[in-house]
Structure formats: C-alpha cells, structure tokens
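Chemist: I need the structure of the sequence given here:
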Amino acid sequence: MSEAVAAVPPRLQEIVEEFGEAEGQEKLELLLEYSEKMAPLPDWLNKETNMEQVHECMTPVFVHAEQENGGMTFYFDVPPESPTVRGYAAILGEGLHGSPPEQIVTIPSDFYLQMGLHKVLSQQRLRGITAILAYLKRLARERIKGTEGTHRN
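Modeler: Here you go, the predicted model:
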C-alpha cells in the first residue's frame with residue numbers, strides 16, 4: 001500500500017477507488033451524484049452565524065467542523081448551481097466523517113489525482129477543491145491544538 005493511500009481514511013479511499021474505476025464523463029456524473037446527495041444543513045446551523053467561508057474558493061463555500069468521540073464531522077453549504085464544487089465537498093464530508101483530526105491533516109493535498117479528476121476538471125476547479133481540503137486540514141489542526149493538554153476521560 002502506498003504512503004498516499006495509507007494517509008487517506010478508509011471511506012474516502014473507497015470513494016477514490018470508485019472514481020478511479022470510472023471513465024471520462026462517468027467521473028463527472030459521479031461528482032453530480034455526490035452533489036445531489038449532499039445533506040441539507042441541520043436547523044441549528046447557517047452560514048450567517050456559525051459557519052466559516054473558504055475564501056480561497058471562487059464558489060461560495062461555507063463549512064462548519066465538529067468533533068465528537070475523537071472523530072470529525074464537516075457540514076457544508078455550497079450553492080446547488082455549483083455542482084462540481086458541491087460534489088467535491090460532499091465527497092469530503094462523507095469520506096472524512098468520523099475520522100480523527102490527526103488523520104485528516106495527513107491526507108495528501110493532491111489525493112484527487114488518484115480519482116482522475118484532473119482529467120475532467122479545469123485548473124480553476126482543481127485549485128478550488130485543493131483549497132477546500134486545505135481549509136479542512138486547518139480546522140483539524142485547530143482541533144488538535146485545542147485538545148493538547150486537555151486529555152480527560
């Protein structure tokens with residue numbers, strides 16, 4: 001198993017393999033499927049009050065991170081009219097659900113290459129998806145720093 005594969009959480013690796021097996025247009029169709037199945041935000045969450053914007057992404061992407069029982073959950077708000085970015089956010093939300101922050105920070109920034117997304121998306125879109133992962137990694141690092149020295153059972 002390569003180091004890049006080992007750094008990707010198991011559920012995300014399953015999604016990577018699913019995309020890796022898809023050909024050309026099928027990759028875009030899969031991305032659209034993930035976009036459509038992104039869960040709506042819980043009632044208590046909204047981008048105006050308790051979500052952070054990923055400013056590095058041209059599409060308005062908002063994210064909220066929570067940690068429970070050592071694993072992280074990410075909630076996203078991405079407009080439906082941006083299905084590519086929305087699909088990628090949905091993939092990260094599903095693929096990273098329950099992963100510890102220590103694992104999230106080790107995910108290679110270019111893991112999407114294994115998915116073949118660079119063959120079907122523009123450089124601009126690829127920069128956006130890289131920015132989203134970088135932002136999630138920053139949120140995970142904040143959780144790690146926030147829990148240092150506070151290990152209680």
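Chemist: which residues sit in contact with T130?
Modeler: If a contact means CB atoms under 8 Å, 6 or more residues apart in numbering, then T130 has 109-110, 112 as its contacts. For glycine as for every other residue, the C-beta is placed from the backbone atoms N, C-alpha and C.
Chemist: and the gap between it and T49?
Modeler: Using CB to CB, to the nearest Å, one gets 27 Å for the distance from T130 to T49.
Chemist: same deal with F62?
Modeler: Distance of F62 to T49, computed by CB to CB: 11 Å.
Chemist: What ranges does this protein have for its strands?
Modeler: 52-53, 62-68, 71-77 (DSSP state E).
Chemist: Just give the nearest non-adjacent residue to T73, would you?
Modeler: E66 (4.9 Å; CB to CB, 6 or more residues apart in numbering).
Chemist: In contact with that neighbour, which residues are there?
Modeler: E66 sits next to 72-73, 75 when contact means CB under 8 Å, 6+ apart.
Chemist: Could you single out the nearest of those residues to M38?
Modeler: Distance ranking of these against M38, using CB to CB, places Y75 first at 9.8 Å.
Chemist: Quick check: beta-bridge partners of the closest one?
Modeler: On the basis of DSSP bridges, Y75 is bridged to H64.
Chemist: one step back: which among the contacts of E66 count as buried?
Modeler: For the contacts of E66, a burial check counting by 16 or more other CB atoms under 10 Å picks out 72, 75.
Chemist: Quick check, H64 in contact with V54.
Modeler: No: counting by CB atoms under 8 Å, H64 stays clear of V54, with 11.5 Å between them.
Chemist: Alpha carbons of stretch 32-46, as CSV, please.
Modeler: The C-alpha coordinates for stretch 32-46 follow below in CSV (Å, rounded to 0.1, in the frame of the first residue of the first chain):
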residue,chain,number,x,y,z
LEU,A,32,-23.0,15.2,-9.8
GLU,A,33,-24.5,12.3,-7.8
TYR,A,34,-22.5,13.3,-4.8
SER,A,35,-23.6,16.9,-5.3
GLU,A,36,-27.2,15.8,-5.3
LYS,A,37,-26.9,13.7,-2.1
MET,A,38,-25.3,16.4,0.0
ALA,A,39,-27.3,16.5,3.2
PRO,A,40,-29.1,19.7,4.0
LEU,A,41,-27.7,21.7,6.9
PRO,A,42,-29.2,21.0,10.4
ASP,A,43,-31.6,23.7,11.5
TRP,A,44,-29.2,25.0,14.1
LEU,A,45,-26.5,25.7,11.5
ASN,A,46,-26.4,28.6,9.0
